[in-house]
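> Predicted model and sequence follow; I will ask about them next.
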Amino acid sequence: MSARRVSIRALTLAALALVAIVEVFPYVWMVSTSLKDMAGVTRFPPALWPDPPHWENYAKAWASGPFLRYAVNNAIQTVGILLCQLFFGCLAGFAFSKLRWSGRDACFLVVIACLIVPPQVRFVPLYMLFSKLGLLNTYASLIVPYAVSALGTFLIRDAFLQVSDDIVDAARVDGAGTFTIIFRVLAPIARPTLVAFSLFSVVYHWNDFFWPLVMTTSEAVRTLPIGVAMLREEGTGDRWHVIMAGSMFVVAPVLAVFIVAQRHIIRAFTFTSLK
Amino acid sequence: MRHALAVLMIAGFLGTAWGAAGPAAAQGPVVAQFWYSFGGTNREVTEAHIKRFNESQSKYKIEGTFQGDYFEALAKIRAAAATKTAPAAFHVIGEAIPQLAASGLFESLEPYAKGANGANLEDYLPGQTQHTYFDYLGKPAAPLMALPFFRSTPILYYNADMLSAKGVKVPATWAELRDAAAKLTVREGSETKTYGFEVPVDWWFWYALLHEAGGSLLTPDGKKAAFRDKGTEALQFWVDLVNKDKTMKRPPGKDYNAWTVTNTDFINGRAAMIFTSTAFLNYMTENAKFKLGTAFLPGKVKQAVPTGGTFFVIARDAPPAQKEAGWAFIKWMTEPAQTISLSKATGYMPIRASAVNSPEMQAFYKQNPNYKTAIDQLRTAQRFPYTPALIEIQREVIQPNLEAAVLGIKTAAEIMQAAEAKANEILAKQQ
Amino acid sequence: MSLYEWDLVMPARWVGAANYRALVSTEFWEVVTNTVKYSVGVVVLSQTLGLGLAVLLNDRTRLGALLQASIFSSYVVSWVAVSLLWIWLLDPQYGLVAYLLRLVGLRGVNWLGDHRWALWTLVLVTVWKTVGYPMVIYLAGLQAIPGDLYEAAALDGAGGWQRFRHITWPLLTPTTLFLMVTLTITSFQGFDIVKIMTQGGPVTATMIYVYYIYEQAFQYFKLGKASAAVVLFFIGIVALTFAQWLAFRRRVHYTT
């Protein structure tokens, strides 16, 4: 290779490495801060690695509220939403791809419109509805508004469209009912799409802050992001070491999963977008 | 088969939905909710007292839930009231009481106060009870709806070491404050290492300055705004300190975020003098690495302070048994023994005269004279006009617009003029 | 709902179009301007950077995969954690950014407290978190371009920049349009970052649309006004998406 190409390559790598460091180092700093004590936090110049590390900050953050409850709620919310979205998405995807009915395409345009409209548009009327039904502060208020996903419907329909009609007809001839066709025949074929969408949905809803913020007040159904945001106290100076420790509860699981499954996750995002 | 599966799934998530709604009805002690808005140490103190209450008797059990700061909590309470799921007891800032009362949110406490588990309303310090906090504008007093919880006044905190090092005496007037701030500000090149003075650019402190300048918020009948001239004077004082003298730091952040910055700056020696609530006295005493001094707010025409903090209230729509539990709790919290322990743990004032005069507190004050400042300052306490417009004037007319003057975006006069017009608009709607 | 006045507690009052009139005050236009500024900043910066990174990164080595993953990682992390982290990093006194700047002799600004900088700070943090997404999408797009096109061009004597201008860029236009539309829509939805970092301040410097609706509904209890804002939001977004689609559709090239 010519010297010029080598140096271009080196520069390229350097630039990329710099960006990568800028992206990753803040998390290192987060961990570092979470292990300091108040004096270490306000020391100038700041030290990279605290000595001794104060692991009890994690205990303090955990104890500042029922974090286990928050984590469980977060999990229930995320899983609940995912199951509903997959369920209804498959049903709707089937209806839009394999069934013929009048008004089908018009309805599908509505689905596309929903893709464009951000979820916050619906929050005021939904809030009022749930308020009148007395369903605020329940898991239902967290799950139901997202139970049907326009994106899910869109993607699953697309995946089902790829499946030849012959397979569906053959299954029908064998005496399979509609539900069997959808869940036993089509869904397995569309697995890559379902997996990709699931990853997308889980990431979005695990991290969702706005919706639980609006819909819940009681600690019984509060989710992790809200619990972490509440770590900031008023008037008495932020205890950054505790706040960073608490933030780790939200960040660490996601990053851990990401590191393990990064290729799949990145592919999932690319995939859902290109469709 | 698949139909059953579908039915099961739907039943499943509906089940979790109903299951998670509301506290279960229990045999045994009546369970009631208490929503509070303190994080950090005050939260721990509150929870500790809730625990003590629950342990001291077996008829009621109070469950406390933290809801974010005062304003976030207020939003949640309204939402809950709309669905009749308001907590039995909660606390609100004084300014919000007239409007919330007009919305029918509060249970009248008169029958409870006069009933079997009654309360002595005579023993309180000035400015603490609902009737001494509000100015009823010539109309008959509203029924008792609120008992004082954590109460405070703004005080001047100063870094005694810095003041004595520069030979500055504690300011008692605006002019002296200006002077002192100038002497205490330390600059290094183009950077200011220490600001002489800092205060959150906030309604509460503006209200103090307004009255110190001899003004008032509304006319005596409460029908029109009266704050334009003196309000401009008050705001202009800050504008000059920040932009002309450059001896005051404007702490960034909305609402209570600015208060946090002010406190942190003071503790770290970045500000020599600050105004903030006596509520932070414990925090300051524990964390200051210098000699801490407190004093009255400097006055102009006179000395004046608003009282602040919150009041206990009971939701009208809660079930009667829970309301009873709520009353028992708030009454217990306002008893002298509790106000003493609450005050010592935080810096908020004990609200009862008998508590202040008790030998325990007198000894405490001898040892910790800073804690007495707010109490002595009560003799200059100002009342708030009792009108549902009050909270709107605070939150929409004054609070969001003060910063613009200090940032130099508009002049103080412009802001106060626009504020007066808007306030009159709001007041007119009430008639 | 947008035609009533409601504060959650008292029954709703019919006010007709008054909410819309109250809405269209100077404050509202400032909110719209802020939102547009934020959106344009985020879309332009993240898309350009994303493209640049994708072009640089266009190889399938393991190092490439590692770099790609590192840059994308922030995209999956919660906004709450990211916002808190950056408040801490940007602390004018103790933050890492202030420290690093001081090391090179520069003085930091009050990133979140200065009304001239606050909105752009939010833009930068948003770009930091989300640049991985356009990068990854562009990468997929780049890898879909047939290699023989480049070889043919090289044989014709085309240099790197010319190859980019005449092959890469035109063939990436569908991706670019897609990203532009998607990123615009997501940036209009910005809420979490404002709620945690600035709450719309200083004064109204970072008041963006969704946060404004939230504040009207939950801090000022003007649900009628909030609903009116929502209606306008809906109309605005649909119109904007449509406009983007129409304007750029014809400039999009597809490989036959």
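Looks like it came in fine.
> Below-threshold pLDDT in chain B: ranges please.
Scanning chain B with the threshold set as pLDDT under 70 gives B:1-27, B:82-83, B:431.
> middle-most residue in it, spatially?
Nearest to the geometric centre of chain B sits B:Gly309, at 2.8 Å (C-alpha atoms, centre = their mean).
> Just say helix, strand or coil for that residue.
State at B:Gly309, reduced to three classes by DSSP: H, G, I helix; E, B strand; the rest coil: strand.
> Please list all residues in contact with it.
B:Ile93, B:Gly94, B:Pro148, B:Phe149, B:Phe150, B:Arg151, B:Ser152, B:Ser277, B:Ala279, B:Tyr348 (C-beta atoms under 8 Å, 6 or more residues apart in numbering or on different chains). The C-beta positions use only the backbone N, C-alpha and C, and glycine is treated the same way.
> ok, C:Trp86 - contacts?
Shown in contact with C:Trp86 (C-beta under 8 Å, 6+ apart): A:Pro26, C:Val125, C:Trp128, C:Met197.
> Could you provide the residues you listed in a markdown table, with additional columns for pLDDT and distance to C:Ala217?
Below are the contacts of C:Trp86 laid out as a markdown table (pLDDT from 0 to 100; distance: C-beta to C-beta, whole Å):
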| residue | pLDDT | distance to C:Ala217 |
| --- | --- | --- |
| A:Pro26 | 90 | 33 |
| C:Val125 | 93 | 25 |
| C:Trp128 | 93 | 29 |
| C:Met197 | 87 | 20 |
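> What is the burial count for residue 152?
Unless you meant another one, I'm taking chain A. By the measure other C-beta atoms under 10 Å in any protein chain shown, the count of residues near A:Gly152 is 28.
> oops, I was thinking of chain C
Neighbours of C:Ala152 (other C-beta under 10 Å): 12.
> Kindly report the same for B:Glu110.
B:Glu110 has 11 neighbours, counted by other C-beta under 10 Å.
> Pull up the gap between it and A:Val251, please.
Separation of B:Glu110 from A:Val251 (C-beta to C-beta, to the nearest Å): 52 Å.
> In the stretch 151-300 of chain B, mark out all the strands, start to finish.
Shown for the stretch 151-300 of chain B, the strands assigned by DSSP state E, counting those that start in this stretch span residues B:154-159, B:186-188, B:191-198, B:248-249, B:271-277, B:292-295.
> To which secondary structure element is B:Ala48 assigned?
helix B:40-56 (DSSP states H and E).
> And that helix, what does it pack against?
Applying 3 or more C-beta pairs under 8 Å, 6 or more residues apart in numbering or on different chains; DSSP states H and E, one finds that helix B:40-56 makes contact with strand B:30-36, strand B:60-66, helix B:320-333, helix B:336-346.
> what's the closest of those to A:Gln77?
Closest approach to A:Gln77 among the helices and strands packed on helix B:40-56 (C-beta to C-beta): strand B:60-66, 19.0 Å.
> Surely C:Gly113 and C:Asp91 touch.
No - between C:Gly113 and C:Asp91 there is no contact under C-beta atoms under 8 Å: 10.3 Å.
> ok, and does the host helix or strand of A:Val28 reach over to chain B?
Per DSSP H and E: A:Val28 is located in helix A:3-34. No - under the criterion of C-beta under 8 Å from any C-beta of the partner chain, helix A:3-34 makes no contact with chain B; the nearest approach is 16.0 Å.
> could you turn the helix or strand following that helix into PDB, dropping everything but the C-alphas?
Next along the chain after helix A:3-34, taking DSSP H and E as the criterion, comes helix A:38-41. Output of helix A:38-41 as PDB, limited to C-alpha atoms (Å, rounded to 0.1, in the frame of the first residue of the first chain):
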ATOM      1  CA  MET A  38     -19.000  13.900  48.200                       C
ATOM      2  CA  ALA A  39     -15.500  15.200  48.700                       C
ATOM      3  CA  GLY A  40     -14.300  13.300  45.700                       C
ATOM      4  CA  VAL A  41     -17.100  14.500  43.600                       C
END
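> List the buried residues of helix A:38-41.
A:Gly40, A:Val41 (16 or more other C-beta atoms under 10 Å in any protein chain shown).
> Leaving out sequence neighbours, find the closest residue to the closest residue to chain C within the stretch 101-250 of chain A.
Across the stretch 101-250 of chain A, no residue is closer to chain C than A:Asn207, which sits at 3.7 Å (C-beta to the nearest C-beta). Once flanking residues are discounted, A:Asn207 sits nearest to C:Ser78: 3.7 Å by C-beta to C-beta, 6 or more residues apart in numbering or on different chains.
> got the contact list for the one you found?
Applying C-beta under 8 Å, 6+ apart, we find C:Ser78 in contact with A:Trp206, A:Asn207, A:Phe209, A:Pro225, A:Val228, A:Val250, A:Val251, A:Val254.
> please redo it, this time with the cut-off set to 7 Å
By C-beta atoms under 7 Å, 6 or more residues apart in numbering or on different chains, the contact list for C:Ser78 reads A:Asn207, A:Pro225, A:Val250, A:Val251.
> Likewise for B:Gly222?
B:Gly222 makes contact with B:Leu137, B:Pro385, B:Thr387, according to C-beta under 7 Å, 6+ apart.
> Buried subset of those, written for PyMOL?
PyMOL command restricting those to the buried ones, with burial defined by 16+ other C-beta under 10 Å:
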select buried, chain B and resi 385+387
